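# Below: sequence and its predicted model.
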Amino acid sequence: MKIEYVQGDLFDMIEPGVVIPHVCNNKGKWGSGFVLPLAKKYPITRQEYIKWYKASYTDELVPDPPPEVIIEGDSFDLGEIQLIKVEPYVYVCNMVAQTLGGKRPLYYNYLCKCMDELASVMERCFSPSLANILCPQFGAGLAGGDWNIIEQLINDCWIRAELNVTVVEYNK
C-alpha cells in the first residue's frame, strides 16, 4: 500500500466508506483554513468540536454527545481525537494536535498519537471496505508542519495499518 495523491476539491470526492481526518487546535478556535469549508459542508463538525472544548474547559453544562459522535477523548487535550458521523458511512476525525501562535504550532508527537488512535478505532470498528482515509494535506498549512514529516507519519501510522490513504492536493 502507498499514499495516493490526487488534485482537486476534497468535498467533490467524498463517497461512502471514508474518514476525513484533519488537524485542530487545543484552544477551541475554529475559524480558518480547512475547517471553514468543512463546517460549511458538515456544520456538526464545528458544533461538536466546540461542545467538546466547552465540556473540558468551562463550567458550562454540556449535554451528552449525540449518536453522531462515535468517539471523543475524555478531555480536550493535545493528542485526542473526536470521530463524527456526518453521512452514512462518512466520518470526520478532529485530531487535536496543534496550539495557536508560534512559528510551528503543530506538535508531531501529538499528531502521531491522534493518527495511531484513529488507526486503532478504524481497525476495531470498521470493515475493510470502510478503512479509507480521504484527507487534505493536514498540519502543513496554518499549523506550520513539514509535509515530508507528516507524510512519513502517514506511512508509519496508517499505511502500515493497511488503511487506504488518499491525499487531496487542493487546486486553487
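Yes, it's here.

# Can you spell out which helices and strands pack onto the helix or strand bottoming out on mean pLDDT in the chain?
Sorting the helices and strands of the chain by mean pLDDT, DSSP states H and E puts strand 69-72 at the bottom, at a mean of 74. On a contact count with 3 or more Cβ pairs under 8 Å, 6 or more residues apart in numbering; DSSP states H and E, strand 69-72 meets helix 43-57, strand 81-87, helix 108-125. For every residue, glycine as well, the C-beta is placed using N, CA and C.

# Make TSV out of those and add mean pLDDT.
Listed next are the helices and strands packed on strand 69-72 as TSV, based on pLDDT from 0 to 100:
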stretch	mean pLDDT
helix 43-57	90
strand 81-87	95
helix 108-125	95
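
# which one of those is the most hemmed in?
Mean neighbour counts were compared across these using mean count of other Cβ atoms under 10 Å; the top stretch is strand 81-87, at a mean of 20.

# Summarise which helices and strands it is packed against.
Right, strand 81-87 is packed against helix 43-57, strand 69-72, strand 90-98, helix 108-125 by 3+ Cβ pairs under 8 Å, 6+ apart.
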